[in-house]
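Peer 1: predicted model and sequence below, questions to follow.
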Amino acid sequence: MEQDEFRAAMSLLLEMITDLRRRNHARGRSISRHLKRIRERREQRALETEMLLGRLQQVRLLIQRFFREGVRRRLWAQPELLRNDPFESQWELNVPHYSEERFVKKFRMSRQTFGALVDLVRPHIRKEDTKLRMSIPVEKRVAVALYALKSNCDFWTIADWFRIGKSTVPYILYEFCNVVNSVLLPMYVKFPNTPREKELLANEFYSRWQFPNCFGSLDGTHIPIIEPSLNAMVYFNYKQYHSVVVLALVDASYKFTYVNVGKPGRVNDAAIFNSSQLKTELRGAGDYLIVADGAFPLMANLMKPYLITNGMPLLHGNYNRRLSRARVVVEDAFGRLKGRWRILMKRADMDLENVKLIISTCIVLHNMCECAREPYFDSWQDIVNNFHVQ
């Protein structure tokens, strides 16, 4: 009797298990069919999207072809820029009557240095006159570029001041910067490669700053930029704004002898130095050296201050003061660079490659002004001292 009941119970259990398996199998087939339908719909939507993008591409090409071939330009320039009177802009009307001091304040160099700069770049930026219109003279093109670099004005303001098209201003500026970097950079930013050159710089450094065997002061500065569209956090520095770094070596007369331009603002000065050509060059400097702050690594040819501690020996304190007096020249050089060329103080709303181009150009022009002993006004430095990146 008990065995019959057990067999009946087991039979019932097997029927229940079989029924449950059948239901799960049917449910699994239903889920599989549902997932298959979802995949098919996704594939269909992807195909439709691809076809739509292809049609949009065709429309874009047709529009470009229409504007390139089917529509002629209505105007070569704005009507107010085509007047026959040559004395319409400030450059032709007022600048010739400026005093020498006002000319320096407006273009950051004297007329003599301006003329020398024009002669150097003339073969590379001179344009030919055509039957349609007269070309912009070289002197005016250089003046446009210098005015853009010395101020933080927008291109519209500069265009109105010189009575040229707004799009002409960046064209002239970048062309001028390319010529300066290709032609003048090797002339005005030169690292002292020979022992004789290092000796001359070291003698000047000692006579002005009383630090022996030193031929340069090293430091870095940040140039603010607009937040880049790619890798923005790499350019966000410890001062809480986006920037690129300029690592520079400066001689005793505020002239740059080595520059490394364009590293992201998040990279510290020591890391830039360790990967730079300057570190390699210092290994062959012989008995001569450079000075830097405590952020840089101590080397046989790179002197840095002692760590300030309680009970520091008097000899160490005296050494720190002498080194600080020699090292501050690079900070003064950065201040003079930004004071002269104020475009470096605003967030540059341009491509990063153009930012590097602008910075290198300003450094070359700075060295040119320092070589010519151009005046540097206290009012320029006051603006630098009171400036804060917004």
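Peer 2: Here it is on my side, so go on. Residues are numbered from 1 along each chain as shown.
Peer 1: switch to C-alpha atoms for all contacts and neighbour counts from now on
Peer 2: OK.
Peer 1: hmm, who's touching the longest strand seen in the chain?
Peer 2: Across the chain, the longest stretch assigned as strand under DSSP state E is strand 214-224. Strand 214-224 has contacts (CA atoms under 8 Å, 6 or more residues apart in numbering) with 198-199, 201-202, 205-206, 241-252, 265, 269, 288-293, 326-331, 334, 344-348, 389.
Peer 1: adjacent strands (with direction) for it?
Peer 2: Within its sheet, and counting by DSSP bridges, strand 214-224 is paired with strand 243-250 (antiparallel), strand 289-291 (parallel).
Peer 1: list every C-alpha atom in stretch 128-144, with coordinates, as PDB.
Peer 2: What follows is stretch 128-144, C-alpha atoms only, in PDB (Å, rounded to 0.1, in the frame of the first residue of the first chain):
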ATOM      1  CA  GLU A 128      51.400  93.000 -55.400                       C
ATOM      2  CA  ASP A 129      48.800  95.500 -56.500                       C
ATOM      3  CA  THR A 130      46.100  94.300 -59.000                       C
ATOM      4  CA  LYS A 131      43.700  95.900 -61.400                       C
ATOM      5  CA  LEU A 132      40.900  95.200 -58.900                       C
ATOM      6  CA  ARG A 133      42.400  96.900 -55.900                       C
ATOM      7  CA  MET A 134      45.500  98.200 -54.200                       C
ATOM      8  CA  SER A 135      47.300  96.000 -51.700                       C
ATOM      9  CA  ILE A 136      47.800  96.900 -48.100                       C
ATOM     10  CA  PRO A 137      51.300  98.400 -47.700                       C
ATOM     11  CA  VAL A 138      53.800  96.400 -45.700                       C
ATOM     12  CA  GLU A 139      54.200  99.100 -43.100                       C
ATOM     13  CA  LYS A 140      50.400  99.000 -42.400                       C
ATOM     14  CA  ARG A 141      50.400  95.200 -42.300                       C
ATOM     15  CA  VAL A 142      53.100  95.200 -39.600                       C
ATOM     16  CA  ALA A 143      51.300  98.000 -37.700                       C
ATOM     17  CA  VAL A 144      48.100  95.900 -37.700                       C
END
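Peer 1: and it, which residues are buried?
Peer 2: Neighbour-count burial for stretch 128-144, counted by 16 or more other CA atoms under 10 Å, picks out 138-139, 141-144.
Peer 1: now do stretch 355-373
Peer 2: 355-370.
Peer 1: okay, and which of those residues map to strands?
Peer 2: Going by DSSP E, the strands hold none of the buried residues of stretch 355-373.
Peer 1: sort out for me which of these are in helices.
Peer 2: Among the buried residues of stretch 355-373, DSSP state H puts 355-370 in helices.
Peer 1: now render the strands paired with strand 214-224 as CSV, adding mean pLDDT, mean neighbour count and distance to Glu227.
Peer 2: CSV is the format used below for the strands paired with strand 214-224 (pLDDT from 0 to 100; neighbours: other CA atoms under 10 Å; distance: least, CA to CA, whole Å):
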stretch, mean pLDDT, mean neighbour count, distance to Glu227
strand 243-250, 95, 25, 8
strand 289-291, 93, 24, 33
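Peer 1: distance to Thr194 for those strands - can I get that in CSV?
Peer 2: Formatted as CSV, the strands paired with strand 214-224 follow (distance: least, CA to CA, whole Å):
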stretch, distance to Thr194
strand 243-250, 16
strand 289-291, 13
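Peer 1: which among the ones you listed is found nearest to Leu302?
Peer 2: Comparison of these against Leu302 by CA to CA identifies strand 289-291 as nearest, at 5.0 Å.
Peer 1: quick check: which element contains the closest residue to Tyr254 other than its chain neighbours?
Peer 2: Leaving aside its sequence neighbours, Tyr254 sits nearest to Ala333 (CA to CA, 6 or more residues apart in numbering; 4.9 Å). In this structure, Ala333 sits in helix 314-340 according to DSSP states H and E.
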